[in-house]
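**Q** model this:
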Amino acid sequence: MSAQPKYRYTPEEYLAMERSAPEKHEYLDGKIFQMSGASYAHNVVCANLVSTLRPSLRKQNCDVVSNDLRVHIPATGLYTYPDVVVLCGQAQFLDNILDTLLNPVALIEVLSPTTEQYDRTTNFDHYRSIPSLKEYILVSLAKPRIECFRRNQDNSVPPENMVWSYHTATSLEDSAKLDSVQTILSLREVYERIDFTGEDL
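**A** Numbers count the residues shown, from 1 in each chain. Predicted coordinates:
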């Protein structure tokens with residue numbers, strides 16, 4: 001006997017369930033994936049990123065939100081929750097419920113041992129297809145390290161084929177520049193209250 005094919009959810013079914021679910025889930029290609037909880041250090045760094053970015057972004061008609069804002073990537077079909085989302089100007093949403101963003105300017109992922117490889121490869125492949133995205137930032141929890149991937153704008157090629165430059169900051173005395181919003185991230189502020197002995201990671 002052949003196995004019964006697994007049920008494939010439509011995006012509409014996913015959104016209907018997700019909007020009433022107590023937990024967060026990602027969606028791709030008919031499948032729904034429950035998101036796991038984050039460590040104390042992960043949550044602290046996300047909060048630090050938001051509090052560090054917000055004063056500067058407020059002056060630029062931009063905003064920053066943590067991982068409760070869902071992002072949809074039409075080119076690949078992914079619905080996901082980046083750790084930190086930066087948006088500028090008029091936010092574009094999937095529908096009038098205003099909970100699924102389409103046009104982030106920068107996305108930040110705080111790396112964990114279980115997600116780092118995915119964030120560096122598959123996740124980046126999804127994100128780079130977003131036309132509005134100008135920067136992708138990876139923040140390490142193992143050591144002071146912020147990596148910035150910046151899109152070199154070239155309107156003659158599709159978003160997923162554009163070249164990305166790479167910049168890194170690797171010390172608590174360093175700063176990482178976000179060109180997309182002309183903002184400086186102090187690593188000392190981003191990693192405030194983080195113990196790199198590994199006990200709270």
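
**Q** Would you mark the buried spots in the longest helix along the chain?
**A** Ranked by residue count, the top helix of the chain under DSSP state H comes out as helix 40-58. Neighbour counts over helix 40-58 (16 or more other CB atoms under 10 Å) mark 41-42, 44-46, 48-50, 52-53, 56-57 as buried. Bear in mind the C-beta positions are built from the backbone N, C-alpha and C, glycine included.

**Q** Which elements pack onto it?
**A** Packing partners of helix 40-58 (3 or more CB pairs under 8 Å, 6 or more residues apart in numbering; DSSP states H and E): strand 62-66, strand 84-88, strand 106-110, strand 183-186, helix 187-190.

**Q** hey, which of these is tucked in deepest?
**A** Looking across the helices and strands packed on helix 40-58 with neighbours counted as mean count of other CB atoms under 10 Å, the highest average goes to strand 106-110: a mean of 26.

**Q** That strand: what's the following helix or strand?
**A** helix 116-120 (DSSP states H and E).

**Q** which outside residues touch that following helix?
**A** Contact partners of helix 116-120, identified using CB atoms under 8 Å, 6 or more residues apart in numbering, comprise 109, 111, 138.

**Q** Quick one: mean pLDDT over that helix.
**A** Average pLDDT, helix 116-120: 96.

**Q** picking up where we left off before, could you dump the buried residues of helix 40-58 to JSON lines with pLDDT and distance to Ala169?
**A** Below are those laid out as JSON lines (pLDDT from 0 to 100; distance: CB to CB, whole Å):
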{"residue": "Ala41", "pLDDT": "94", "distance to Ala169": "18"}
{"residue": "His42", "pLDDT": "95", "distance to Ala169": "19"}
{"residue": "Val44", "pLDDT": "97", "distance to Ala169": "18"}
{"residue": "Val45", "pLDDT": "97", "distance to Ala169": "14"}
{"residue": "Cys46", "pLDDT": "97", "distance to Ala169": "18"}
{"residue": "Asn48", "pLDDT": "98", "distance to Ala169": "15"}
{"residue": "Leu49", "pLDDT": "98", "distance to Ala169": "13"}
{"residue": "Val50", "pLDDT": "97", "distance to Ala169": "18"}
{"residue": "Thr52", "pLDDT": "96", "distance to Ala169": "13"}
{"residue": "Leu53", "pLDDT": "97", "distance to Ala169": "15"}
{"residue": "Ser56", "pLDDT": "92", "distance to Ala169": "17"}
{"residue": "Leu57", "pLDDT": "95", "distance to Ala169": "19"}
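
**Q** Distance to Glu189 for those residues - can I get that in JSON lines?
**A** Below are these laid out as JSON lines (distance: CB to CB, whole Å):
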{"residue": "Ala41", "distance to Glu189": "15"}
{"residue": "His42", "distance to Glu189": "17"}
{"residue": "Val44", "distance to Glu189": "12"}
{"residue": "Val45", "distance to Glu189": "10"}
{"residue": "Cys46", "distance to Glu189": "13"}
{"residue": "Asn48", "distance to Glu189": "6"}
{"residue": "Leu49", "distance to Glu189": "9"}
{"residue": "Val50", "distance to Glu189": "11"}
{"residue": "Thr52", "distance to Glu189": "5"}
{"residue": "Leu53", "distance to Glu189": "10"}
{"residue": "Ser56", "distance to Glu189": "12"}
{"residue": "Leu57", "distance to Glu189": "14"}
